[in-house]
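**Q** Prediction below, plus the sequence it came from.
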Protein chains: 2
Amino acid sequence: MYNFNMCEKFKNLKNTEYDIALLLNKKGILSANELQEILKVDKATIYRNLKSLIKKNIIRKVSAKKSFYELNCNIHNPIHPHFECIKCNKIYCLKPLSAEDTINISRYTNFEIHSIDIKIKGTCDECKSMDN
Amino acid sequence: MYNFNMCEKFKNLKNTEYDIALLLNKKGILSANELQEILKVDKATIYRNLKSLIKKNIIRKVSAKKSFYELNCNIHNPIHPHFECIKCNKIYCLKPLSAEDTINISRYTNFEIHSIDIKIKGTCDECKSMDN
DNA sequence: AACTTATTTGCAACTTAGTTGCATTTTATG
DNA sequence: CATAAAATGCAACTAAGTTGCAAATAAGTT
């Protein structure tokens, strides 16, 4: 996956922050609960560190049926749309938005843009094959 | 705004469902709390009816810092992206996605698509003018 | 109209995500 | 080593949303 060690931003992280970043790097996208189950620390610690990482611009939150978190790292992990399965609620990361599409979408507002979140909802192949 | 009466779907709605649809038609987009404050019914009633309206495909949920709900009615209110202000958390409805952009975005997945949610985050003019 | 059945509602209790205050532990610094 | 700063755990809390159940409304039948 992405080359975690190349990311300068992680150098100054400590303890839980670093563990979270490491896990998100390995797994791609996780919920606060999943992080807590793996790291076995208090949920307050998880949420405090998630908030801090978001503030430092190292991770971003993906709002779906529940919230997920993923790295916001570098060219190895640029902003990308997500697919949310309406059957199993699983989140799939899609390939990054092209420059053209990014520009096109950004034209829908004149406000100052900070980020563009695209979520495609539908049924994933796995769930579709289970239908009758 | 949209011509509410033209929408066949609303004919069979009753009580709270109808009130909610009417309000969303008038106000555009509202949270569950805002609906409850205006309609003065129990929140269980609000959520049950919101769920039912979503199932009937009459409204859709817009997930932001908190959830909002808007009509999913007809050609007068096609699917459109939203702008979420990261300062005041207000939601602005943007002009509908063009057919071209819809097709372009839909190409990012091969899964069966049900809907496309685009949320642009940033700072709205009102909040920007309050900055120093 | 009277009776029965189905639908809608309010209420209270609950779940789950996320937050906050505070005391304790851990880490950093002189 | 002593002290200050930062990170953690714990418990209590908030806010959104859900659920079971009993009471109230509405709809259907004779």
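**A** Ah, there it is. Numbers count the residues shown, from 1 in each chain, chains lettered A, B, ... in the order given.

**Q** Other residues contacting the lowest-mean-pLDDT helix or strand in chain A?
**A** Every helix and strand in chain A was compared by mean pLDDT, DSSP states H and E; the lowest is helix A:125-130, with a mean of 88. For helix A:125-130, contacts defined as C-beta atoms under 8 Å, 6 or more residues apart in numbering or on different chains pick out A:85, A:87-88, B:110-112. For glycine as for every other residue, the C-beta is placed from the backbone atoms N, C-alpha and C.

**Q** what helix or strand does the nearest residue to residue A:29 once chain neighbours are set aside sit in?
**A** Spatially, and ignoring its direct neighbours in sequence, residue A:29 is nearest to residue A:70 (4.2 Å; C-beta to C-beta, 6 or more residues apart in numbering or on different chains). For residue A:70, the host element (DSSP states H and E) is strand A:67-71.

**Q** Only the buried residues of that strand, if you could.
**A** A:68-71 (16 or more other C-beta atoms under 10 Å in any protein chain shown).

**Q** Restricting to C-alpha, output it in PDB.
**A** Extracted as PDB, the C-alpha positions of strand A:67-71 are listed here (Å, rounded to 0.1, in the frame of the first residue of the first chain):
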ATOM      1  CA  SER A  67     -18.100   7.300  10.800                       C
ATOM      2  CA  PHE A  68     -14.900   6.000   9.300                       C
ATOM      3  CA  TYR A  69     -11.500   7.400   9.400                       C
ATOM      4  CA  GLU A  70      -8.700   7.200   6.800                       C
ATOM      5  CA  LEU A  71      -5.200   8.700   6.200                       C
END
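
**Q** for the helix or strand just after that strand, packing partners?
**A** Downstream of strand A:67-71, the next assigned helix or strand under DSSP H and E is strand A:82-85. Secondary-structure packing of strand A:82-85 (3 or more C-beta pairs under 8 Å, 6 or more residues apart in numbering or on different chains; DSSP states H and E): strand A:91-93, strand A:112-123.

**Q** Next, the contact list for the closest residue to residue A:80 other than its chain neighbours, please.
**A** Leaving aside its sequence neighbours, residue A:80 sits nearest to residue A:96 (C-beta to C-beta, 6+ apart; 4.4 Å). Residue A:96 makes contact with A:78-80, according to C-beta under 8 Å, 6+ apart.

**Q** In a markdown table: those residues, plus pLDDT.
**A** Converted to a markdown table, the contacts of residue A:96 look like this (pLDDT from 0 to 100):
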| residue | pLDDT |
| --- | --- |
| A:78 | 75 |
| A:79 | 81 |
| A:80 | 91 |
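
**Q** Restrict these to those that also contact DNA strand C, please.
**A** Near DNA strand C, taking C-beta under 7 Å from any atom of the strand as the test, no member of the contacts of residue A:96 is found.
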